[in-house]
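Colleague: just to be clear, the model below is a prediction. Sequence and coordinates:
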Amino acid sequence: MSKQFSALGVSAPILKALSELNIVEPTEIQQKTIPLLLAESHDVVGLAKTGTGKTAAFGLPLLQLVNTDIATVQAVILVPTRELGQQIFRNLEDFGKHIPNIAIASTCGGIPIKPQIERLTQPTQIVVATPGRLIDLIQRKAIDLKETQYLVLDEADEMVSILKESLDEIVAELPKKHRTLLFSATLPGTIKQLIQNYLNKNVVQVSANMETVGNQGIDHEYIVVDPIEKLDVLMHFLNSKDGERGIIFCKTKAAVNKLAKNLAINRFSSGALHGSLSQGIRDRIMEQFREGHINILVATDLAARGIDVKEISYVVNYHLPDTYETYVHRSGRTARAGAKGLSLTVLQEEEVIEIPEFEKELGIKFTKFQKPSVISLEENNTLLWAKQIFKTKPNHDISADLKTKVKTVFHHLTKDELIEKLMANYVLQNKVEITEKPVKKFKK
């Protein structure tokens, strides 16, 4: 049995909030990090995959360490995307709801800056920000970081290029004596260089089991398809998951838009998410997904950061990720909070050779997902066609006279006969083979 949060030194107001959120048992990264941040003064590097509870690992100590009697910014949390920033902001508000006078602000890009400037004129102890927006606020002299004691770099491996350009300007605004807490899913050379340049030489590194809480419940599977059948196979899979929520990852915005259009044509409850959409549209789609109004999200990798929805039952890698880290982040969207989940990767034959490398690097095991037969795919397409008809809204602009004439053509048919004829016409028009072949009988 793991240590409870009280044994880690977490204060009573935070314990009360965690209890109300039904968060009882700390994850490994939380067990290792929380006491260290509360009791020591070292810089810290936390290495843990997505889904391990990194937000609480640094968020709970920060909520406890800031002085609510002081109205100035004492902690800054830098994140790669606004979506992740919003998620962290919501989590911190939930964790700190019983702390008197705690004040947290979200100042991320993609939305008007003026309301954020106005917000920062009020007491604020913790700021969650994207690097670009924070620098904009600094240049406008809209934020004062002279008393900031804690700088958190969350998902650092996802914003290395941004940090290279902006970290000097941000650090210049901080007191010389401050703590830097860097959290990352991976530790590539660029991150090691960042640590060397910006963290104290006595930095403490904490590594959690790289098999995450989420990944323990994930079935990693792959399916091999020909390019021409890729979409049909995906549609077959999605139909088998009807009513469940999932995310489909594509490499490019164009691929997201194309696939989302196909899903809409086939009447799947879905939405698209990528960086070229306005922030208002992205927020609305995310809210619809979070509230369960849409079941399928088609997204690029960066746009999907910060999605923490417990009921995501599957993730589909419609394109093989370029890096092992990307696969970890994608698959970690499912099997949250101890649930089970499926991560399905769609491959072409020549890509199968890469699977052993993913297994070796990530310490996971893939199993082969059985591809549906040609007949099964055609049957599924027929069902999708039927759903399209069922979900098509009546066209009230069609004249009543024409409707009467069409009804006259079909008036003598029963419902079953009409369906039989519609299906026969579909098979004829699409030249598909979905009928059962008769068993040949041989004469003795």
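Modeller: All right, it came through fine. If you're wondering where the values come from, they're calculated on a predicted model, not measured in any experiment.
Colleague: by contact count, what packs against the lowest-mean-pLDDT helix or strand in the chain?
Modeller: Ranking every helix and strand in the chain by mean pLDDT, DSSP states H and E puts helix 324-331 at the bottom, with a mean of 80. Helix 324-331 is packed against strand 312-317, strand 341-347, helix 355-362, with contacts defined by 3 or more Cβ pairs under 8 Å, 6 or more residues apart in numbering; DSSP states H and E. All C-beta spots, glycine's among them, are computed from the backbone N, C-alpha and C.
Colleague: so how far is that helix from its chain's centroid?
Modeller: 11 Å (Cα atoms, centre = their mean, to the nearest Å).
Colleague: got the buried residues for that helix?
Modeller: Glu325, Thr326, Tyr327, Val328, His329, Arg330, Ser331 (16 or more other Cβ atoms under 10 Å).
Colleague: kindly report the same for stretch 22-32.
Modeller: Ile23, Pro26, Thr27, Glu28, Ile29, Gln30, Gln31, Lys32.
Colleague: which of the helices and strands packed on helix 324-331 sits closest to Leu84?
Modeller: strand 312-317 (15.8 Å; Cβ to Cβ).
Colleague: what's the mean pLDDT across that closest one?
Modeller: Strand 312-317 comes out with an average pLDDT of 92.
Colleague: and it, what does it pack against?
Modeller: Checking 3+ Cβ pairs under 8 Å, 6+ apart, strand 312-317 ends up next to strand 245-249, helix 324-331, strand 341-347.
Colleague: which residues in the stretch 251-400 of the chain form strands?
Modeller: For the stretch 251-400 of the chain, the strands defined by DSSP state E, counting those that start in this stretch cover 270-273, 296-299, 312-317, 341-347, 366-368.
Colleague: give me the low-pLDDT residue ranges for the protein?
Modeller: Scanning the chain for pLDDT under 70 picks out 1-3, 50-51, 209-216, 303-308, 336-339, 432-444.
Colleague: biggest helix in it by residues?
Modeller: Longest helix in the chain by number of residues, with DSSP state H as the criterion: helix 374-391.
Colleague: after it, which helix or strand is next?
Modeller: Next in sequence after helix 374-391, counting helices and strands by DSSP states H and E, comes helix 400-410.
Colleague: tell me the helices and strands packed up against that following helix.
Modeller: Secondary elements touching helix 400-410 (3+ Cβ pairs under 8 Å, 6+ apart): none.
Colleague: hang on, the earlier thing: who wins for proximity to Leu384 among the helices and strands packed on strand 312-317?
Modeller: Comparing the helices and strands packed on strand 312-317 by Cβ to Cβ, strand 245-249 comes nearest, at 16.2 Å.
Colleague: how about that closest one as CSV, C-alpha atoms only?
Modeller: Provided in CSV are the C-alpha atoms of strand 245-249 (Å, rounded to 0.1, in the frame of the first residue of the first chain):
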residue,chain,number,x,y,z
ARG,A,245,-15.3,8.1,-26.6
GLY,A,246,-12.0,8.1,-28.4
ILE,A,247,-9.3,10.2,-30.1
ILE,A,248,-7.9,9.7,-33.6
PHE,A,249,-4.4,11.2,-34.1
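Colleague: now that strand against strand 312-317, angle please.
Modeller: 20 degrees (axes from the mean of the first three to the mean of the last three Cα atoms, to 10 degrees).
Colleague: quick one on the thing from earlier: would you list the helices and strands packed on strand 312-317 in JSON lines and tack on distance to Lys16?
Modeller: Formatted as JSON lines, those follow (distance: least, Cβ to Cβ, whole Å):
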{"stretch": "strand 245-249", "distance to Lys16": "31"}
{"stretch": "helix 324-331", "distance to Lys16": "32"}
{"stretch": "strand 341-347", "distance to Lys16": "30"}
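Colleague: show residues contacting stretch 165-180.
Modeller: Applying Cβ atoms under 8 Å, 6 or more residues apart in numbering, the external contacts of stretch 165-180 come out as 41-44, 76, 78, 131-132, 134-135, 138, 145-153, 194, 198-200.
Colleague: what's the span of that stretch, first residue to last?
Modeller: 17 Å (Cα to Cα, to the nearest Å).
Colleague: please parse this structure into its domains.
Modeller: 5-207, 215-374 (automatic domain parsing).
Colleague: of all those, which one is nearest Ile419?
Modeller: Closest among the domains of the chain, using Cβ to Cβ: domain 215-374, at 18.2 Å.
Colleague: can you pull out the strands in the stretch 101-250 of the chain?
Modeller: Along the stretch 101-250 of the chain, counting by DSSP E, counting those that start in this stretch, strands occupy 104-107, 126-129, 150-153, 179-184, 204-207, 218-224, 245-249.
Colleague: adding distance to Gly9 and mean neighbour count, write the helices and strands packed on helix 324-331 out as JSON lines.
Modeller: Putting these into JSON lines (distance: least, Cβ to Cβ, whole Å; neighbours: other Cβ atoms under 10 Å) gives the following:
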{"stretch": "strand 312-317", "distance to Gly9": "33", "mean neighbour count": "22"}
{"stretch": "strand 341-347", "distance to Gly9": "33", "mean neighbour count": "23"}
{"stretch": "helix 355-362", "distance to Gly9": "33", "mean neighbour count": "14"}
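Colleague: same list (these) but as TSV, adding distance to Phe58.
Modeller: Below are the helices and strands packed on helix 324-331 laid out as TSV (distance: least, Cβ to Cβ, whole Å):
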stretch	distance to Phe58
strand 312-317	24
strand 341-347	25
helix 355-362	24
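Colleague: and Thr392, which of the ones you listed is closest to it?
Modeller: For Thr392, the closest of those is strand 312-317, at 26.6 Å, according to Cβ to Cβ.
Colleague: give me the neighbour count for Asp69.
Modeller: 9 (other Cβ atoms under 10 Å).
Colleague: list the contacts of it.
Modeller: Taking Cβ under 8 Å, 6+ apart, one finds Asn101 in contact with Asp69.
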